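> Kindly generate the corresponding structure for this input.
(chains A and B)
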Amino acid sequence: MLKSFLAKWPSLYKLRLFLGLILLAIILVFLYFKIVPLGHITYSRSWPANWHSGQGFIGDFKPDNRLDVSQPLSPKIITDPVYFSVFTPRTFDSAVVTIKYRDRLNSTTPLIELGVLKDQLTGSYDLQPLQNNLLDHWRFNWPRLEDSESLLILQASKSYTSVSGFLSDLQAGFLKNCSGGPLACVAVYNYPLKLSYSLPDYVPLRPLVINQPLRGAHQFYLYLKNEPWRLNFNFLYLRQDSKSDPVTVNIWSGDKIIMTQTISDNSELNTGKTEIKSLNFRGQTQPAGVYKIEVKISNDVVIKKIESSSDKLSVIHKIWPVSGSGDLTLFTDAKQLRVQTSNPVSLGKIIFGGRTFDLNKTYQPFNYISGGLNSIINLKKDDLVLENNGVFAFAADNLLNPGVKSIDRYFLPGDNIKYIIASYSQPLENDGLKTASAKFNLIGADRVDGRYTFLISIPGLTGKTAAAGYLEIKEITINLKGKTLWQKIWP
Amino acid sequence: MAKNLALILQEIFYFFSLALVIMIIMEIISPRIILVYFNLNYLFIFWFVSGFVLLIKR
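Residues are numbered from 1 along each chain as shown, chains lettered A, B, ... in the order given. Here you go, the predicted model:
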């Protein structure tokens, strides 16, 4: 019937039908790749690049000055970190990113990590390991208690013969060959180990006031013990840019947010004049333990003052004191310190653990190692970003750190570590090319204009040319998974 | 024969015109839906060449 119908059609109509069907098919194909109805899709990009007509899904590495430009067809990362974006036509729940690379790195750059931007305001990334040469070294030099794809347990001496025995002792807070408790001799990498933490000599209701302004996002540990408590923040809005500056403060107990407060901000009302706003938390009693305070603000906002009912308050990993007055003394529990400033006025001498260091360049991170057992930091001038893998406080008595040591960029070998727990797989190597994968949860990840932002981090890589070491990227493949069309229509 | 060729060229020109319009509208509604795979400049060139050839034939 269709044949006889078409036979009566003039040739012109048949041609129009043919071309119309081609156009319809092309549109349907584009819509299919826009919707991704099956919920999973793979994008990839390789170097040197093959000819392709479109813009592609995986963007170029930025900034350009961190790449070796002598060979533009094959990007070599020479300075840490670099960023690239991945365009996706819709949202996805998870991503497995596989990178093929060749590295010429040395012992000062044992780590390669890949991260996805979780929060643009605070600039926080979810970092996952690609390569950890420290772990790869110990894997073959220390007795392995467990070595599976998801769990690696190493011990300095053969103290345990079963994983269950080790884990039960770990939770009980007593490990063999470990006199100071698990916090003293266990190190983790990419493994969420939570150990109970208490301060037996804690004196409740000893208030603390921090009048030192701190710029940008900060995180704190606060210890509370069955007491009425309060925590007040005063925020100074610098209004140096016209963007809105919302403030969010979250109080975490374990993995749960127990309290949150927000100050919304309307950039259209910005007058260019500084403003002060405050947030006040109150509570009657809280179970004894450590609470994490997360202050999410942009660098255009300063925490001007903190008032706490508990004096056990420490800043986690990163602190940015600003005031201009200088002569500041800080305390940290870590032996290493990374210092950076963008303010030429802040350049000068820094005393860390009794040793004097010279901060003589802006926009360049400097790594310092403490000279003594104590880790006191004396700053003649502030407006410096100080980072390490420990905590900072304004008095030695305020320091508290329930975190387990991590084998990260700040890790110093021989730190009395007896056990290592990690979730890490060694990269596969073939013909000099290494292949490593990292899995990310994209729910809640920052996605602007359809793009997720990724970061490749090689801590310690600060060369100006490829001769000082590099990471050459050959291929990036990203396997995305999300809800199918049917799950979206009928959740 | 020449008349048929002109008709075919006309249909091809219409095809590229419609494709260009639809794809530009799709790009406006959902940015990068086409551009991420295909550079519309190429389609524009095809459309322009087909229109130019059609004009010559006529």
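
> Specify the local secondary structure of the closest residue to chain B within the stretch 51-200 of chain A.
Using Cβ to the nearest Cβ, the closest approach of the stretch 51-200 of chain A to chain B is made by A:G54 at 4.2 Å. Backbone N, C-alpha and C define where each C-beta goes, glycine included. Assigned by DSSP: H, G, I helix; E, B strand; the rest coil, the conformation of A:G54 is coil.

> just A:R282 next, same as before
Per three-state DSSP, A:R282 ends up strand.

> Let me know how buried the nearest residue to it once chain neighbours are set aside is, in neighbour terms.
Of all residues not flanking A:R282 in the chain, A:R230 sits nearest, at 5.2 Å (Cβ to Cβ, 6 or more residues apart in numbering or on different chains). Neighbours of A:R230 under the rule other Cβ atoms under 10 Å in any protein chain shown: 13.

> got the contact list for A:R230?
Contacts for A:R230 were tallied using Cβ atoms under 8 Å, 6 or more residues apart in numbering or on different chains; they are A:N280, A:F281, A:R282, A:G283, A:E307, A:S308, A:S309.

> tell me the contacts of the residue of the stretch 51-200 of chain A closest to chain B?
Contacts of A:G54 (Cβ under 8 Å, 6+ apart): B:I34, B:L35, B:V36, B:Y37, B:F38, B:N39.

> any idea where the strands of the stretch 301-450 of chain A begin and end?
If DSSP state E, counting those that start in this stretch is used as the criterion, the strands of the stretch 301-450 of chain A fall at A:301-308, A:313-319, A:328-332, A:336-340, A:348-352, A:355-359, A:366-369, A:376-379, A:385-393, A:405-406, A:419-422, A:428-430, A:433-441, A:447-448.

> Looking at those strands, which one is packed in the most?
strand A:419-422 (a mean of 24; mean count of other Cβ atoms under 10 Å in any protein chain shown).

> thinking again about what came up before, considering only the contacts of A:G54, which also neighbour chain A?
B:I34, B:L35, B:V36, B:Y37, B:F38, B:N39 (Cβ under 8 Å from any Cβ of the partner chain).

> List buried residues within the residues you listed.
By neighbour count, with 16 or more other Cβ atoms under 10 Å in any protein chain shown, those hold B:I34, B:L35, B:V36, B:Y37, B:F38 as buried.

> Isn't the fourth one up against A:Y32?
No. The criterion here is Cβ atoms under 8 Å, and B:Y37 misses it with A:Y32 at 11.4 Å.

> Out of the ones next to chain A among the contacts of A:G54, which two sit at the greatest distance?
B:V36 and B:N39 (10.0 Å; Cβ to Cβ).

> Name the residues contacting each of the two.
A:G54, A:Q55.

> For the one residue sitting closest to the centre of chain B, which three-state class applies?
For chain B, the residue nearest the mean C-alpha position is B:F16 (1.9 Å; Cα atoms, centre = their mean). Secondary structure, three-state DSSP: B:F16 is helix.

> Nearest spatial neighbour of it, chain-adjacent residues omitted?
Nearest to B:F16 is B:W47, by Cβ to Cβ, 6+ apart, at 3.8 Å.

> Do you have the helices of chain B handy? List them.
Using DSSP state H, the helices assigned to chain B run over residues B:2-29, B:40-57.

> Now render those helices as JSON lines, adding distance to A:A95 and mean pLDDT.
Conversion of the helices of chain B to JSON lines gives the following (distance: least, Cβ to Cβ, whole Å; pLDDT from 0 to 100):
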{"stretch": "helix B:2-29", "distance to A:A95": "25", "mean pLDDT": "90"}
{"stretch": "helix B:40-57", "distance to A:A95": "28", "mean pLDDT": "92"}
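
> TSV for those helices, including distance to A:A393?
Shown next, in TSV, are these (distance: least, Cβ to Cβ, whole Å):
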stretch	distance to A:A393
helix B:2-29	54
helix B:40-57	58
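
> Between these, which one is closest to A:G180.
Using Cβ to Cβ, the helices of chain B put helix B:2-29 closest to A:G180, at 62.4 Å.

> What's opposite the closest residue to A:W142 other than its chain neighbours in the beta bridge?
Using Cβ to Cβ, 6+ apart and skipping the chain neighbours, the partner closest in space to A:W142 is A:L154 (4.2 Å). Under DSSP bridges, the beta-bridge partners of A:L154 are A:R144, A:I420.

> Same check on A:E475?
A:S46, A:K100.

> Whichever helix or strand the residue nearest to A:R282 is part of: which residues count as buried?
Using DSSP states H and E, A:R230 sits in strand A:229-237. By 16+ other Cβ under 10 Å, the buried positions in strand A:229-237 come out as A:W229, A:L231, A:F233, A:N234, A:F235, A:L236, A:Y237.

> now swap in stretch A:18-27 and tell me
A:L19, A:L23.

> Report how many residues lie close to the closest residue to A:L151 other than its chain neighbours.
Distances taken as Cβ to Cβ, 6+ apart place A:S423 nearest to A:L151, at 6.2 Å, with adjacent residues excluded. Neighbour count for A:S423, taken as other Cβ under 10 Å: 16.

> Quick check: the residue nearest to A:R282 vs A:Q219, distance?
19 Å (Cβ to Cβ, to the nearest Å).

> Could you tell me the end-to-end distance of stretch A:308-319?
18 Å (Cα to Cα, to the nearest Å).

> And that stretch, how far out from the chain middle?
20 Å (Cα atoms, centre = their mean, to the nearest Å).

> same question, stretch A:235-253
20 Å.

> in that stretch, what's buried?
A:F235, A:L236, A:Y237, A:R239, A:D245, A:P246, A:V247, A:T248, A:V249, A:N250, A:I251, A:W252.

> same question, stretch A:278-294
Those would be A:L279, A:F281, A:G283, A:Q286, A:G289, A:V290, A:Y291, A:K292, A:I293, A:E294, for stretch A:278-294 by 16+ other Cβ under 10 Å.

> Now the residue of the stretch 301-450 of chain A found nearest chain B: closest residue in space, sequence neighbours ignored.
Nearest residue of the stretch 301-450 of chain A to chain B (Cβ to the nearest Cβ) works out as A:G450 at 6.5 Å. Leaving aside its sequence neighbours, A:G450 sits nearest to A:F87 (Cβ to Cβ, 6+ apart; 5.3 Å).

> thought the one you found was touching A:G59?
Yes. Using Cβ under 8 Å, A:F87 is in contact with A:G59, at 7.3 Å.

> So for the two, which sits in the more crowded spot?
Per other Cβ under 10 Å, whichever of A:F87 and A:G59 has more neighbours is A:F87, with 19 against 16.

> just to revisit the earlier point, right, and the residue nearest to A:L151 touches A:S148 too?
No. Using Cβ under 8 Å, A:S423 is not in contact with A:S148, being 9.6 Å away.

> Packing partners of the helix or strand where A:H137 lies?
A:H137 is part of helix A:133-139, with elements assigned from DSSP H and E. When contacts are defined as 3 or more Cβ pairs under 8 Å, 6 or more residues apart in numbering or on different chains; DSSP states H and E, helix A:133-139 sits against strand A:152-155, strand A:419-422.

> And the contacts of that helix?
Against helix A:133-139 from outside (Cβ under 8 Å, 6+ apart): A:105, A:107, A:110-111, A:147, A:152, A:154, A:189, A:407, A:411, A:413, A:420, A:422, A:424, A:426.

> Which positions in the stretch 51-200 of chain A make contact with chain B?
A:S53, A:G54, A:Q55, A:G56, A:F57, A:F87, A:P89.

> ok, how many other residues are close to A:Q364?
12.

> Could you pull up the contacting residues of it?
Contacts of A:Q364 by Cβ under 8 Å, 6+ apart are A:Q340, A:T462.

> quick one: pLDDT of it?
Per-residue pLDDT puts A:Q364 at 84.

> contacts for stretch B:23-35?
Counting by Cβ under 8 Å, 6+ apart, residues outside stretch B:23-35 touching it are A:I27, A:F30, A:K34, A:G54, A:Q55, A:F87, A:P89, A:D449, A:G450, B:L40, B:L43.

> check contacts around the last one.
B:L43 makes contacts with B:F16, B:A19, B:L20, B:M23, as judged by Cβ under 8 Å, 6+ apart.

> Please apply the same query to the second one.
Contact partners of A:F30, counting by Cβ under 8 Å, 6+ apart, are B:M23, B:M26, B:I33, B:I34, B:Y37.
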